[in-house]
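[1] Pasting the sequence and the predicted coordinates here, then a few questions.
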Amino acid sequence: MASAHHVARRAKSATRRGISNPWLEFLERAGYVVRGVLYAAMGTFALGLALGLGGTATDQSGSLVILTGGPAGKVLLFAVVIGLGAYSIWGFVRAVFDPLQRGDGASGIAERLGFVWSGIAYSAIAIFALHLIAGGAPSSSRDSTQEAIAKVLALPAGQLATVAIGIVAIGVGLAQLIDAYRAIFKKDLKRTKMNKAEKKIVDALGRLGMVARGVTFSVVGWFVLQGGLHRDPAQVHGYGGAFLFLLTQPFGRVLLAAVAVGFIALGLHSFACARWIRLLGSHR
């Protein structure tokens, strides 16, 4: 037993050293840049829609299709595959090795499970980028959330699972609003490397971005819940559908513009994370 435990510890230590490789950490930081570009693009397109300037409501995959539609599209797609592939690995690293010190309490475990979901979600975008590189038909109007829930609903007990996913998603959205107030992301950054002005700007961007994402995620969760209750995937929409829903509300253009600016802020905050985030091999 002791020998097996020793072998397990050595294996974990070797794995930790491997994923602390400076080149992998460089790519993880590049992943934050790619993530930031996609969030900022989502916000910019939504802001254009709110202002009547010809924007569109879409998610990260849709933004990827739009951004890579030009002559340099293949080069950008390869950058996305590499960057988001590394970023998805970082999601699992955060969950397993806890470099951001979330701990083993109930809230810490919940956040670490969220990191697992982040790893899965961004690996899906990287795979979608590979699909586009291979010549797959692009579609900026595809709703990946609706497609995923349609598959869940087709499973045994799929309706119950969809309802549960919707409730969890609403809870996650509300939790992000609380986290925006608490600014929990502060402890994830190497703040000793930042001056006073940088701290204020990055904190403001993070708070604004988390509020926007929390609102939108809650709306998406509501859509999923309704899709589960009525066993109708057509009622499920992702970020794009949430943006359009906000636009139809009273003062919808103002509301959508505020959320869109928040997503642009979230993208800029991701750029800041690329510089100052504490990765596994980083020091305070």
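    Happy to help now that I have it. Residues are numbered from 1 along each chain as shown.
[2] contacting residues for Leu268?
    36, 40, 205, 209 (Cβ atoms under 8 Å, 6 or more residues apart in numbering). (Each C-beta comes from the backbone N, C-alpha and C, glycine too.)
[3] Next up, the contacts around the second one.
    Okay, so that is Ala40. 263-264, 266-268.
[4] Turn those residues into JSON lines, including pLDDT and distance to Ala95.
    Shown next, in JSON lines, are the contacts of Ala40 (pLDDT from 0 to 100; distance: Cβ to Cβ, whole Å):
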{"residue": "Phe263", "pLDDT": "98", "distance to Ala95": "25"}
{"residue": "Ile264", "pLDDT": "98", "distance to Ala95": "28"}
{"residue": "Leu266", "pLDDT": "97", "distance to Ala95": "21"}
{"residue": "Gly267", "pLDDT": "97", "distance to Ala95": "23"}
{"residue": "Leu268", "pLDDT": "98", "distance to Ala95": "25"}
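[5] Which of those residues fall within helices?
    263-264, 266-268 (DSSP state H).
[6] Give me the distance between the closest residue to Phe78 other than its chain neighbours and Val80.
    Closest residue in space to Phe78, ignoring its immediate chain neighbours: Ile133 at 6.9 Å, by Cβ to Cβ, 6 or more residues apart in numbering. Ile133 sits 9 Å away from Val80, taking Cβ to Cβ, to the nearest Å as the criterion.
[7] what about the two, which has more around it?
    Taking neighbours as other Cβ atoms under 10 Å, Ile133 and Val80 compare with Val80 leading, 28 against 15.
[8] what's the distance between Tyr247 and Leu53?
    For residue 247 the amino acid is Leu, not Tyr. Look at Leu247 and Leu53: by Cβ to Cβ, they are 13 Å apart.
[9] Put the alpha carbons of stretch 229-242 into PDB.
    Extracted in PDB, the C-alpha atoms of stretch 229-242 (Å, rounded to 0.1, in the frame of the first residue of the first chain):
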ATOM      1  CA  LEU A 229     -39.800  21.600 -18.800                       C
ATOM      2  CA  HIS A 230     -41.500  21.600 -22.200                       C
ATOM      3  CA  ARG A 231     -39.100  19.000 -23.700                       C
ATOM      4  CA  ASP A 232     -38.600  21.400 -26.600                       C
ATOM      5  CA  PRO A 233     -35.000  22.200 -27.700                       C
ATOM      6  CA  ALA A 234     -36.300  25.000 -29.900                       C
ATOM      7  CA  GLN A 235     -36.800  27.000 -26.700                       C
ATOM      8  CA  VAL A 236     -33.100  26.700 -25.800                       C
ATOM      9  CA  HIS A 237     -30.700  29.400 -26.900                       C
ATOM     10  CA  GLY A 238     -27.100  30.300 -26.200                       C
ATOM     11  CA  TYR A 239     -25.400  33.600 -25.900                       C
ATOM     12  CA  GLY A 240     -26.700  34.900 -29.200                       C
ATOM     13  CA  GLY A 241     -30.300  34.100 -28.300                       C
ATOM     14  CA  ALA A 242     -29.800  35.700 -24.900                       C
END
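[10] mean confidence score for that stretch?
    Stretch 229-242 carries an average pLDDT of 94.
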